[in-house]
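Asks: no sequence on this one, just coordinates:
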């Protein structure tokens with residue numbers, strides 16, 4: 001979380017405040033890059049407030065998207081599968097591969113040293129036991145996000161290459177990282193555009209009124225930059 005009292009943050013916020021109105025996605029990428037002044041490679045995040053009520057199942061916004069320029073960080077992948085698929089997962093670059101031993105470890109130790117869990121459909125009866133632990137953390141394998149599949153190698157490679165999952169929270173907000181401050185502004189823009197295009201595509205038919213209510217982009221230690229909703233909608237088509 002940014003230190004709003006720090007000198008660097010105040011100077012960065014002054015630059016952002018010079019923009020009286022929300023800016024285009026490309027301008028936001030430029031500003032976030034310019035105001036990322038921490039001495040580490042900050043995450044670049046998008047925060048969206050959507051006009052949906054996730055208490056209704058038909059207004060849940062959930063999906064995945066492959067970021068064209070990757071996430072800029074190493075992603076740790078756990079694959080839960082029977083022996084017949086385990087070597088395939090290892091060859092594709094999965095960090096942890098197995099079944100019973102990992103189910104037991106997660107249940108007994110609440111072991112969560114991974115970013116994404118992938119499972120084959122035939123073991124979901126066993127993996128389902130982990131729902132109360134993995135579900136609230138957004139780590140439960142799900143067919144809609146492509147993490148329940150027999151194509152284990154493809155799933156691992158996609159995640160390693162920059163595929164991310166997202167899910168609206170109970171307040172109708174989406175928060176996700178779409179890159180790093182070390183990226184070029186064009187790369188940040190391309191990743192943000194890919195993510196937003198997918199969010200727009202997933203608009204529930206039952207969602208009425210304004211769908212994209214607010215969009216901000218920021219670096220970990222930087223001020224939020226407001227993004228113009230109309231420019232995003234025009235680019236998402």
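Replies: Received, thanks. Please read all numbers here as calculations on a predicted model, not as lab measurements.
Asks: What segments of the chain are helices?
Replies: 7-17, 25-35, 83-92, 100-109, 124-127, 131-134, 152-161, 185-201, 229-236 (DSSP state H).
Asks: Residue 49: neighbour count?
Replies: Counted with other CB atoms under 10 Å, the neighbours of residue 49 add up to 16. In this view, the C-beta of every residue, glycine as well, is placed from N, C-alpha and C.
Asks: what's the domain layout of the chain?
Replies: Using automatic domain parsing, the domains assigned to the chain come out as 7-70+164-236, 77-160.
Asks: Can I get those domains in JSON lines including mean pLDDT?
Replies: Output for these, formatted as JSON lines (pLDDT from 0 to 100):
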{"stretch": "domain 7-70+164-236", "mean pLDDT": "89"}
{"stretch": "domain 77-160", "mean pLDDT": "95"}
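Asks: Geometric centre of the chain: which residue is closest?
Replies: residue 176 (4.0 Å; CA atoms, centre = their mean).
Asks: about what we covered before: nearest to residue 140, out of the helices of the chain?
Replies: The closest of the helices of the chain to residue 140 is helix 131-134. By CB to CB, the value is 4.1 Å.
Asks: which helices and strands sit right next to the closest one?
Replies: The helices and strands touching helix 131-134, judged by 3 or more CB pairs under 8 Å, 6 or more residues apart in numbering; DSSP states H and E, are helix 100-109.
Asks: Give me the buried positions along the helix it packs on.
Replies: For helix 100-109, the neighbour count (16 or more other CB atoms under 10 Å) marks 102, 103, 106 as buried.
Asks: give the contact list for the first one.
Replies: In this structure, residue 102 makes contact with 78, 80, 96, 111, judged by CB atoms under 8 Å, 6 or more residues apart in numbering.
Asks: Could you do residue 21 as well?
Replies: 226, 228 are the contacts of residue 21 under CB under 8 Å, 6+ apart.
Asks: contact partners of stretch 143-150?
Replies: 62-64, 85, 116-121, 124, 141-142, 155, 158, 163, 165.
Asks: if we go to 6 Å?
Replies: Contacts to stretch 143-150, defined as CB atoms under 6 Å, 6 or more residues apart in numbering, come from residues 64, 118, 119, 120, 121, 141, 155, 165.
Asks: Name the nearest residue to the fourth one, sequence neighbours excluded.
Replies: Sequence neighbours aside, residue 81 is the residue nearest to residue 120 in space, at 4.5 Å (criterion: CB to CB, 6 or more residues apart in numbering).
Asks: count of residues packed around that neighbour?
Replies: Residue 81, neighbours per other CB under 10 Å, totals 23.
Asks: I'd say it and residue 118 touch.
Replies: No. With contact defined as CB atoms under 6 Å, residue 81 and residue 118 do not form a contacting pair (8.1 Å).
Asks: related to what we said a few turns ago, quick check: of the contacts of stretch 143-150, which lies closest to residue 133?
Replies: Among the contacts of stretch 143-150, residue 141 lies closest to residue 133 (CB to CB), at 12.6 Å.
Asks: State the phi and psi torsions of the closest one.
Replies: Dihedral angles of residue 141 (phi, psi; degrees, to the nearest 10) stand at phi -60, psi 140.
Asks: So what pairs up with residue 50 in the strands?
Replies: Beta-bridge partners for residue 50, by DSSP bridges, are residue 212.
Asks: now residue 225
Replies: On the basis of DSSP bridges, residue 225 is bridged to residue 217.
Asks: Relative to residue 174, how far out is it?
Replies: Using CB to CB, to the nearest Å, we find residue 225 at a distance of 16 Å from residue 174.
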